[in-house]
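In: Build me a structure from this.
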Amino acid sequence: FETSRIGHLTEAAVVVSCKGTMVYSTACSKLQSDLKFGDNLDLKVDAHERSWPRGYIPSGIQRSDGGITDYEILLCRMIDRSIRPLFVVDDAQLATRIQPAYEVQILSNLLSCDDVYDSQVLAINGASAAVYLSPNIDIGENGPIAAVRVIVDEHGEFIANPTKTQMEADATKC
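Out: Modelled structure (predicted):
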């Protein structure tokens with residue numbers, strides 16, 4: 001994890017890396033004056049994996065990377081579903097904590113990719129760290145989260161954060 005090197009205009013910016021794969025995650029918030037604390041959380045998650053970190057630069061008709069892919073939609077949902085419970089406040093806390101409601105935006109972008117390690121786990125961990133480090137976003141006692149991908153190899157051993165070839169070999173067993 002690296003902080004304070006890039007993203008100085010955001011509330012919190014984190015670069016998470018594992019070997020040659022790097023993901024840049026930021027968290028920003030905006031005060032919502034029309035919402036009361038305890039209303040629905042306005043959380044927006046964006047995750048993009050462009051083609052240029054993989055070494056492919058589109059040219060000609062494919063000048064842009066196009067729309068959002070299914071992989072990016074699922075990554076956004078994984079980040080959202082894992083971070084959203086951090087903001088839940090029970091009735092006892094609601095009575096004692098008076099806090100304005102914020103609109104929260106989390107962005108994750110793939111900076112580099114080595115096609116060995118998957119970037120999904122890095123994006124979830126980076127988004128959680130950015131939310132935790134943001135001075136305006138209060139998740140209370142819920143703390144940050146951490147993600148890990150686990151598979152079982154052919155010998156019954158658990159492998160934490162496997163490479164893509166290990167995941168493909170595990171998928172062929174099913």
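
In: switch to C-alpha atoms for all contacts and neighbour counts from now on
Out: Fine.

In: Show me the shaky parts of this structure.
Out: For the chain, the stretches with pLDDT under 70 are 32-41, 51-67, 88-101, 140, 171-174.

In: where do the helices sit along it?
Out: 70-83, 91-96, 120-133, 164-173 (DSSP state H).

In: Go through those and name the closest to Y24.
Out: Judged by C-alpha to C-alpha, the one of the helices of the chain that comes nearest to Y24 is helix 120-133, at 7.2 Å.

In: roughly how far out does the closest one sit from the chain middle?
Out: Put simply, helix 120-133 sits 5 Å off its chain's centre (C-alpha atoms, centre = their mean, to the nearest Å).

In: same for it, what does it pack against?
Out: If contacts are counted by 3 or more C-alpha pairs under 8 Å, 6 or more residues apart in numbering; DSSP states H and E, helix 120-133 sits against strand 12-18, strand 21-32, helix 70-83, strand 101-112.

In: From the helices of the chain, pick the one with the highest average neighbour count.
Out: helix 120-133 (a mean of 26; mean count of other C-alpha atoms under 10 Å).

In: Contacts for that helix next, please.
Out: If you take C-alpha atoms under 8 Å, 6 or more residues apart in numbering as the criterion, helix 120-133 is touched by 1, 12-18, 22-27, 75, 78-79, 82-83, 106-109, 137-139, 143-149.

In: quick revisit: dump the helices of the chain into JSON lines; add distance to L43 as well.
Out: Listed next are the helices of the chain as JSON lines, based on distance: least, C-alpha to C-alpha, whole Å:
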{"stretch": "helix 70-83", "distance to L43": "8"}
{"stretch": "helix 91-96", "distance to L43": "19"}
{"stretch": "helix 120-133", "distance to L43": "11"}
{"stretch": "helix 164-173", "distance to L43": "31"}
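
In: Sounds good, over and out.
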